[in-house]
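>>> Starting from these lines, generate the structure:
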Amino acid sequence: GKLGLGQEESDDGTPTVRKGRVSVSASKGFQRDYPYGRFAAAVEAFGSSTSWWNRWLARSDGAQHLNLKKEGIFPIVHGVRSLALAHHIGATSTVERIAALVAAGKLPDTLGSDLMDSLHFFMGLKLKVGLHELDTGHPVSGGIQMEKLSSLDRDLLKDTLGVVKLFKVLLNQRFHLEAL
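Okay, here's the model as predicted:
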């Protein structure tokens, strides 16, 4: 039967959207998650940390800057917020949301723990770098210069960016971001 402009119901009751001569069926789960998916899609707005990391490794001068908020903090905070909304979790802090998602079985235990650790690392590193910029009379940029990090911080940064990449994959699968 007819549902509305350009939409029809298929034999199994799943809506079919007509685009020109091509007919694309959308599952009911996808339709239900569409608004949350559009909301979650913002985590992809700033690019991929993996490609950033590979570009930095390829540079010989090491003069590469990384915006911790765009590459690490925002994807975690907004991605967790998106999952919490989709699962009707009322917690307001990111750490509380992660714990509630893990407790509800909506996020694997290890990923939840890794997300919390990564978020705390990003926030601590951002604070440390910002305080150093203030101490040296520079304006707070929000970015870090890789050549000024210790080898331990670089290793931890690489690991935390890997957690962000894994989390983005989970969000892509959960909200079908590639279909938006």
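>>> Which other helices and strands does the longest helix seen in the chain contact?
Longest helix in the chain, counting residues (DSSP state H): helix 109-135. Contact here means 3 or more CB pairs under 8 Å, 6 or more residues apart in numbering; DSSP states H and E; on that basis helix 109-135 packs against helix 68, helix 74-86, helix 94-103, strand 143-145, helix 151-175. All C-beta spots, glycine's among them, are computed from the backbone N, C-alpha and C.
>>> So what angle separates the directions of it and helix 94-103?
Computed by axes from the mean of the first three to the mean of the last three CA atoms, to 10 degrees, the angle separating helix 109-135 from helix 94-103 equals 170 degrees.
>>> quick one: helix 109-135 to helix 151-175, angle?
Using the same axes, to 10 degrees: helix 109-135 against helix 151-175 is 130 degrees.
>>> angle of helix 109-135 against helix 74-86?
Counting by the same axes, to 10 degrees, helix 109-135 lies at 140 degrees to helix 74-86.
>>> List the buried residues of helix 109-135.
Going by neighbour count (16 or more other CB atoms under 10 Å), the buried part of helix 109-135 is 111-112, 114-116, 118-119, 121-123, 125-126, 129-130, 133.
>>> what about the protein, any weak spots by pLDDT?
1-43, 45-64, 176-177, 179-180 (pLDDT under 70).
>>> run the last query once more with 90
Confidence mapping of the chain against pLDDT under 90 gives the ranges 1-67, 69-70, 74, 78, 82, 85-87, 132-133, 140-148, 169-180.
>>> neighbours around the residue lying closest to Ala104 once chain neighbours are set aside, how many?
Sequence neighbours aside, His87 is the residue nearest to Ala104 in space, at 6.2 Å (criterion: CB to CB, 6 or more residues apart in numbering). His87: 15 surrounding residues under other CB atoms under 10 Å.
>>> For His87, grab phi and psi.
phi -110, psi 10 (degrees, to the nearest 10).
>>> hang on, it packs against Lys106?
Yes: here His87 reaches Lys106: they are 5.2 Å apart, a contact under CB atoms under 8 Å.
>>> who are the neighbours in contact with Gly143?
Listed by CB atoms under 8 Å, 6 or more residues apart in numbering, the contact partners of Gly143 are 65-68, 129.
>>> Good, wrapping up.
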